[in-house]
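**Q** Have a look; sequence and predicted model below, questions after that.
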Amino acid sequence: MASNFGLKSLAILALTLAICVQGSLEGGITCENLNKDTCAFAVSSSGKRCVLEKYVKRSGEEAYVCRTSEIEADKVTDWVESDHCIEACGLDRKSLGISSDSLLDSGFTRKLCSTQCYNGCLNIIDLYFNLAAGEGVFLPKLCEVQRGDARREMAEIQSSGLVAPGPVSGVNHFKYTVAPAVAPSSA
């Protein structure tokens, strides 16, 4: 009788496990089904990044909605970022949109480039690698610079590609000036 009870329990457990696994394989993550506490830095089952947006209802109340962005994640699908990585990388669960602006903050960049974040939070690094690349910055180089001179790092990001030479002894420094544009004459 005890073995009969054990077999029934085992069968029920196996059936429950099979249903749970099947449901998780078929369902996946849909950004629109995530709440504001899990949306930011998540990746849908289609590989698109989720983005948290805020809007004001007619009543004046602020509300949040999670949407699927057009930004694709590299090699990541069905992912809700862990609280550990959010904290290690200096992020906020209630971040709205997707922007490279935070790369201008040396405090954020220091956390992003920390060993704990850079080596342990690949989804976050993938996102900011692509955001930095969109600004013409190579994230590994930025992190290398972050470990050295933070002021030069900011100059490289904020410039439009023209960065003054770094301090090296014996080098002539150039002075860059902007000349006004002159309209062509109709002679």
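**A** Perfect, thanks for sending it.
**Q** use CA for all of it now, contacts and neighbours both
**A** Noted.
**Q** so where's this structure uncertain?
**A** Screening the chain residue by residue with the criterion pLDDT under 70, one finds the ranges 1-26, 149-187.
**Q** okay, now residue 65: neighbour count?
**A** Other residues near residue 65 number 17, with proximity taken as other CA atoms under 10 Å.
**Q** and the helix or strand where it lies, what other elements does it pack with?
**A** Here residue 65, judged by DSSP states H and E, is contained in strand 62-72. Packing contacts for strand 62-72, counted by 3 or more CA pairs under 8 Å, 6 or more residues apart in numbering; DSSP states H and E, involve strand 48-56.
**Q** Give me the contact list for the strand it packs on.
**A** 31, 36, 39-44, 62-73, 77, 94-98 (CA atoms under 8 Å, 6 or more residues apart in numbering).
**Q** try 6 Å
**A** Here strand 48-56 makes contact (CA atoms under 6 Å, 6 or more residues apart in numbering) with 31, 39-40, 42-43, 62-69, 71-73, 96-97.
**Q** Also stretch 115-132?
**A** Outside stretch 115-132, the residues touching it (CA under 6 Å, 6+ apart) are 85, 88-89, 100, 139.
**Q** Wasn't residue 124 part of a strand?
**A** No: checked against DSSP: H, G, I helix; E, B strand; the rest coil, residue 124 lies outside a strand; its state is helix.
**Q** I'd like to know how far it sits from residue 59.
**A** To residue 59, residue 124 is 36 Å away according to CA to CA, to the nearest Å.
**Q** Who has more neighbours out of these two?
**A** Set residue 124 next to residue 59 and count neighbours by other CA under 10 Å: residue 124 wins out with 20 against 6.
**Q** ok, that one to residue 102 distance?
**A** Look at residue 124 and residue 102: by CA to CA, they are 13 Å apart.
**Q** Also residue 125?
**A** 13 Å.
**Q** between those two, who's got more neighbours?
**A** residue 125 (19 against 14).
**Q** quick one: the more buried one from residue 81, how far?
**A** When distances are taken as CA to CA, residue 125 and residue 81 turn out to be 12 Å apart.
**Q** Residue 134 too?
**A** As for residue 134, its distance to residue 81 is 22 Å (criterion: CA to CA).
**Q** Tell me which of the two has more neighbours.
**A** Relative neighbour count places residue 81 above the other of residue 134 and residue 81, with 19 against 11, counting by other CA under 10 Å.
**Q** For stretch 74-88, which residues meet the burial criterion?
**A** Neighbour-count burial for stretch 74-88, with 16 or more other CA atoms under 10 Å as criterion, is recorded at 76-81, 85-86, 88.
**Q** Name the surrounding residues that touch it.
**A** Under CA under 6 Å, 6+ apart, the answer for stretch 74-88 is 28-29, 41-45, 47, 117, 121.
**Q** neighbour-wise, which of these leads?
**A** So for those (other CA under 10 Å), the most neighbours sit at residue 42, 29 neighbours.
**Q** Give me the nearest residue to that residue, chain neighbours excluded.
**A** Excluding the flanking residues, the one nearest residue 42 by CA to CA, 6 or more residues apart in numbering is residue 80, at 4.4 Å.
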